[in-house]
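Q: fold the stuff below for me.
(chains A, B, C and D)
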2 protein chains.
Amino acid sequence: MTDPRQIRAKSGTNHEGTSAHNRRVMIEALRVNGALSRADLARATRLTKQTASNIIEELERDGLVVPQETVRKGRGQPSTPYALVPSGAFAIGLQIDRYVTRAVAVDLVGTQLARAEADLPAGGPASGTEVLFDLIAGVRGELVRVAAESEKRLVGLGVAMPGPFGVEGADNDQWMMEAWQKFPLRETLAKRTGLNVGLQNDAAACATAERMVGAAHGLDNAVCLYLGYGIGAGLILNSELYSGANGNAGEIGMALLSAADPTRTALEHRASLASLYLHLGIDPAAPGIHDEIGRLAAKDDPRVLEWISHAARDLRWAVHLIETIFDPQTVIVCGGAPEALARQLLAAMEPLLPSIADRPGRSHPRLQLGMTDPWSVALGAAAERIGRAFDPRFSAIMK
Amino acid sequence: MTDPRQIRAKSGTNHEGTSAHNRRVMIEALRVNGALSRADLARATRLTKQTASNIIEELERDGLVVPQETVRKGRGQPSTPYALVPSGAFAIGLQIDRYVTRAVAVDLVGTQLARAEADLPAGGPASGTEVLFDLIAGVRGELVRVAAESEKRLVGLGVAMPGPFGVEGADNDQWMMEAWQKFPLRETLAKRTGLNVGLQNDAAACATAERMVGAAHGLDNAVCLYLGYGIGAGLILNSELYSGANGNAGEIGMALLSAADPTRTALEHRASLASLYLHLGIDPAAPGIHDEIGRLAAKDDPRVLEWISHAARDLRWAVHLIETIFDPQTVIVCGGAPEALARQLLAAMEPLLPSIADRPGRSHPRLQLGMTDPWSVALGAAAERIGRAFDPRFSAIMK
DNA sequence: CTCATTAAGTCAAATAACTTGACTTAAATC
DNA sequence: GATTTAAGTCAAGTTATTTGACTTAATGAG
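A: Numbers count the residues shown, from 1 in each chain, chains lettered A, B, ... in the order given. Just a heads-up that it's a prediction; the model follows:
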């Protein structure tokens, strides 16, 4: 007998896999299109009326959908649309950034029900894990107060932090995240919270958030250019987040700016918020820094404008590269930058460089602004858990 | 009733979808692992012995697998491994390059059974389509002679040509391919040949070839850096070829080399075979040019070495970018360059730039040489049709 | 040399989930 | 008021996997 561990194969599926897929397809249809009748769902998913009806019945029993008012639209029996029940599921998202950590509780449709934020102590996991535990416990407690049933319907805890993962002497030593990146965070949190824990980088989380409630809602191919302390790209390819062989896909901040450049300057060193702080001589750990930057941008501070003009040039090129390599439906700028800054930066990036994206009859803009909300990363981390539990995915059909 | 055309949803699945998936999973397992017994297949796919057995029986009836000699390996009844039958399916691949067109017929395991090549007349589709028809008909006829059953088992015709598709005033006007890119090639060929026709760009086809019989065999995440007349990247992400929203993903040749560069030089203009021909002052349409370049490279022609040193620098950066953005298991250099040239170029690219791929415990090299065969694009075009018909894919389970 | 053990593979019945086609309900239109 | 149209249900039918017992054929221990 050949050693079974050496045989590489995808897993097969069975009736349960079929059923799981169909449930997920219907839930996603409701998420993307809003409330739909059983007949609409049957048509959209190409299942029979009967099957759609059975699944809706089951979803209603499970508390995931509710019937709405019947609607008359022309001849025939009026239809009864079903809508997702926001409180059908919950997830907690945790963002670990350089100087702060944020936790948020969201429901099935992405509404934020609880939030908490704390300073992240400088000593790495050794001193920081208790802060995380407390933050999570606080949000979890608040969630139970707001939604009594939530504990039963909590699908997991999503964690997002700057990458890259598993790389020796990473380029980002200076931000002191390496200790966190090497720490067995997932295992530790799973053990402590008893929850299903997922881990991804901040750009990926942001993309997930955009997909659930933002500019990428319903899109199959979109790239989110994440502008935070660092820079990254969240990749939604073929309707799924792509994270690479080691979870490090999209670490575009580490991309060197040119083939010829002997100084080996990475994009991140030129166009991230970190580079702005540096440019302005501001301590990145300073409290209220987000608002402060927003104010400076809003009043056209010359040094901010100076940074914008430089950063815009590099980001314009990053967008060109993303378009050339991914051929996405759209590129979305997102992340924790203050909105005033993000808007100015976006404006400064126009006109975009020519690329294959410059085609007639586009249905989405080449570049658009997504969420500019410091909470979007934590939101996305939570959304990933929701999506994993409910969205149609290839791996979900397998045994 | 909501307009069904406006409802966006994935399709559901049913027993047929389940069964199709399981068949595909088992075929892929045999392709990746070689011959396997029913029991092995059951374990690897996590299906029951009975199901695996039923499917193997069906595949044998369909002529896709055959039992091998039984093998005794320890206690218990000896097992009977089943192997894919090469003649279980066939496909024809067609490459349309700038100055030549090539057709190849392959079987289920990627063996080339017939080949033909012709000059591509300069006038675009107007004068070129007949050449294609003749070429295809010739290969098809040859295939029937070699494998009498092939017509019944011909799964389709794959076409590969340089991209990008659907772009106005594309950067590659100079190569005169624009007329081909705008021509309804798929429809025309489908009508004329009666076959199921697929179309992709040359880099994607090359990646598909590497996956079927080359360096990417069995890999889930690999990027093929295609070095042909132009340059492109073939992207295998999550076990599937990624082609973007408009089939133009991976057009890395059109990437500008730097954020700052005011001359807007694209990678393709520096590191493609076209750039080499230009550098050497050779007419790219000259017959025997492939061998000529190979000879020059083999005897260390100084002008070739000069080009190599420049191209290597730009390609080193391209690899860095690919690693940073995709986090693949490996990067494979492939395409129609003569092997001597490709080897020298690969050697000149070392040492690679630091990147997240520079991690301990890698199981695949960061960069490796794939096929250097002018026929690999046509082979890949055919392989894509085989893969579409037999490999497990998410879309294959849907109704 | 025989028997216990182990593993491959088959048989037949059970089960799960989608499909089919007829039927019911309710609204709009002529 | 009859007809048409569409939503939705009912009950039987179909497909494909699962289950558990059974058969076959080899190894190894006593």
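
Q: and for the closest residue to A:Ala179 other than its chain neighbours, the neighbour number?
A: In space, and not counting its chain neighbours, A:Ala179 is closest to A:Gly124: 3.3 Å by Cβ to Cβ, 6 or more residues apart in numbering or on different chains. C-betas here are computed from N, CA, C, even on glycine. When counting by other Cβ atoms under 10 Å in any protein chain shown, one arrives at 17 neighbours for A:Gly124.

Q: quick check: A:Gly124 touching A:Phe183?
A: Yes: look at A:Gly124 against A:Phe183 with Cβ atoms under 8 Å: they come within range, at 7.3 Å.

Q: show me whatever sits in contact with both of these two.
A: Among the neighbours of A:Gly124, none is also in contact with A:Phe183 (Cβ atoms under 8 Å, 6 or more residues apart in numbering or on different chains).

Q: got a list of what A:Arg388 touches?
A: Per Cβ under 8 Å, 6+ apart, neighbours of A:Arg388: A:Val155, A:Gly156, A:Gly198.

Q: chain A: strands as residue ranges?
A: Secondary structure of chain A by DSSP state E: the strands cover A:36-37, A:65-67, A:81-84, A:90-96, A:100-107, A:112-119, A:154-161, A:197-201, A:222-227, A:231-237, A:240-242, A:330-335, A:367-372.

Q: show me what the fifth one is packed up against.
A: It refers to strand A:100-107. Using 3 or more Cβ pairs under 8 Å, 6 or more residues apart in numbering or on different chains; DSSP states H and E as the contact test, the elements touching strand A:100-107 are strand A:90-96, strand A:112-119, helix A:125-146, helix A:376-390.

Q: what's A:Leu305 in contact with, if anything?
A: A:Leu305 touches A:Gln344, counting by Cβ under 8 Å, 6+ apart.

Q: quick one: pLDDT of it?
A: For A:Leu305, the model assigns a pLDDT of 96.

Q: can you tell me how far it is from B:Leu280?
A: If you measure A:Leu305 against B:Leu280 using Cβ to Cβ, to the nearest Å, the figure is 48 Å.

Q: need the longest helix for chain A.
A: helix A:302-326 (DSSP state H).

Q: show me which residues of that helix are buried.
A: Across helix A:302-326, burial judged by 16 or more other Cβ atoms under 10 Å in any protein chain shown covers A:304, A:307-308, A:310-326.

Q: what about the residue of the stretch 51-200 of chain A found nearest DNA strand D, how many neighbours?
A: Closest residue of the stretch 51-200 of chain A to DNA strand D, Cβ to the nearest atom of the strand: A:Gly76 (2.2 Å). Number of residues near A:Gly76 (other Cβ under 10 Å) recorded here: 9.

Q: A:Ala179 and A:Ala122, how far apart?
A: If you go by Cβ to Cβ, the gap between A:Ala179 and A:Ala122 works out to 10 Å.

Q: next: A:Ala205.
A: 23 Å.

Q: neighbour count winner among these two?
A: The residue with more neighbours, out of A:Ala205 and A:Ala122, is A:Ala205; 33 against 11, by other Cβ under 10 Å.

Q: got a list of what the more buried one touches?
A: Per Cβ under 8 Å, 6+ apart, neighbours of A:Ala205: A:93, A:95, A:158, A:160, A:234, A:376-381, A:383-384.

Q: most surrounded residue in those residues?
A: The residue in the contacts of A:Ala205 with the most neighbours, by other Cβ under 10 Å, is A:Gly380 (37 neighbours).

Q: now the stretch 201-350 of chain A against DNA strand D: closest residue?
A: For the stretch 201-350 of chain A, Cβ to the nearest atom of the strand, closest residue to DNA strand D: A:Gly218, 21.9 Å.

Q: residues near that residue, how many?
A: Neighbours of A:Gly218 (other Cβ under 10 Å): 12.

Q: these two touch, right, it and B:Arg8?
A: Yes: using Cβ under 8 Å, A:Gly218 is in contact with B:Arg8, at 6.1 Å.

Q: quickly list what's touching both of the two.
A: With Cβ under 8 Å, 6+ apart, A:Gly218 and B:Arg8 have common neighbours A:Val32.

Q: that older thread, give me the phi and psi for the residue nearest to A:Ala179.
A: phi 80, psi -160 (degrees, to the nearest 10).

Q: residues from the stretch 1-150 of chain A in reach of chain B?
A: Counting by Cβ under 8 Å from any Cβ of the partner chain, the stretch 1-150 of chain A comes close to chain B at A:1-2, A:4, A:7-15, A:17-18, A:21-22, A:25-26, A:28-29, A:32-33, A:36-37, A:39-41, A:43-47, A:51, A:73-74, A:76, A:79.

Q: in ChimeraX, how would I select the buried members of those?
A: In ChimeraX, a selection of the buried entries from those looks like this (16+ other Cβ under 10 Å):
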select /A:2,7,9,10,11,12,13,14,17,18,21,22,25,26,28,29,32,33,36,37,39,40,41,43,44,45,46,47,51,79
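
Q: from the residues of the stretch 1-150 of chain A next to chain B, which land in helices?
A: A:15, A:17-18, A:21-22, A:25-26, A:28-29, A:32-33, A:39-41, A:43-45, A:51.

Q: show me which of those residues neighbour DNA strand D.
A: Counting by Cβ under 7 Å from any atom of the strand, A:His15, A:Ala39, A:Asp40 from these sit close to DNA strand D.

Q: so who does A:Ala44 touch?
A: A:Ala44 neighbours (Cβ under 8 Å, 6+ apart): A:Ala29, A:Asn33, A:Leu36, B:Pro4, B:Ile7, B:Arg8, B:Ala9.

Q: if we can go back for a sec, ok, and of the buried residues of helix A:302-326, which contact chain B?
A: When contact is defined as Cβ under 8 Å from any Cβ, these meet chain B at A:Arg313, A:Asp314, A:Arg316, A:Trp317, A:Ala318, A:His320, A:Leu321, A:Thr324, A:Ile325, A:Phe326.

Q: tell me the one of those nearest DNA strand C?
A: Taking Cβ to the nearest atom of the strand as the measure, DNA strand C lies nearest A:Phe326 of those, at 33.5 Å.

Q: that closest one and A:Ser355: what is the separation?
A: 11 Å.

Q: same deal with A:Ile55?
A: A:Ile55 is 42 Å from A:Ser355, by Cβ to Cβ.

Q: likewise A:Ala205?
A: Taken as Cβ to Cβ, the span from A:Ala205 to A:Ser355 is 27 Å.

Q: check contacts around A:Ala89.
A: Here A:Ala89 is in contact with A:Leu64, A:Asp107, A:Leu108, A:Arg153, A:Leu154, A:Val155, A:Ile386, A:Ala389, A:Phe390 (Cβ under 8 Å, 6+ apart).

Q: A:Lys49 is in contact with A:Ala39, correct?
A: Yes: A:Ala39 is in contact with A:Lys49 according to Cβ under 8 Å; the separation is 6.2 Å.

Q: low-scoring stretches of chain A, by residue?
A: Along chain A, segments meeting pLDDT under 70 span A:1-5, A:168-176, A:262.

Q: which bits of it sit near DNA strand D?
A: A:12, A:14-15, A:37-40, A:49-50, A:53, A:70, A:74-80, A:399.

Q: which ones, among those, also lie beside DNA strand C?
A: Within those, those near DNA strand C by Cβ under 7 Å from any atom of the strand are A:His15, A:Lys49, A:Gln50, A:Gly74, A:Arg75, A:Gly76, A:Gln77, A:Pro78.

Q: show the backbone phi and psi for the fourth one.
A: What that stands for is A:Gly74. Here is the backbone geometry of A:Gly74 (degrees, to the nearest 10): phi 90, psi -160.

Q: go through the helices and strands packed on strand A:100-107 and name the closest to DNA strand C.
A: Distance to DNA strand C, taken as Cβ to the nearest atom of the strand, is lowest for helix A:376-390 among those, at 15.5 Å.

Q: quick revisit: between the ones next to chain B among the buried residues of helix A:302-326, which is nearest chain B?
A: A:Trp317 (3.6 Å; Cβ to the nearest Cβ).
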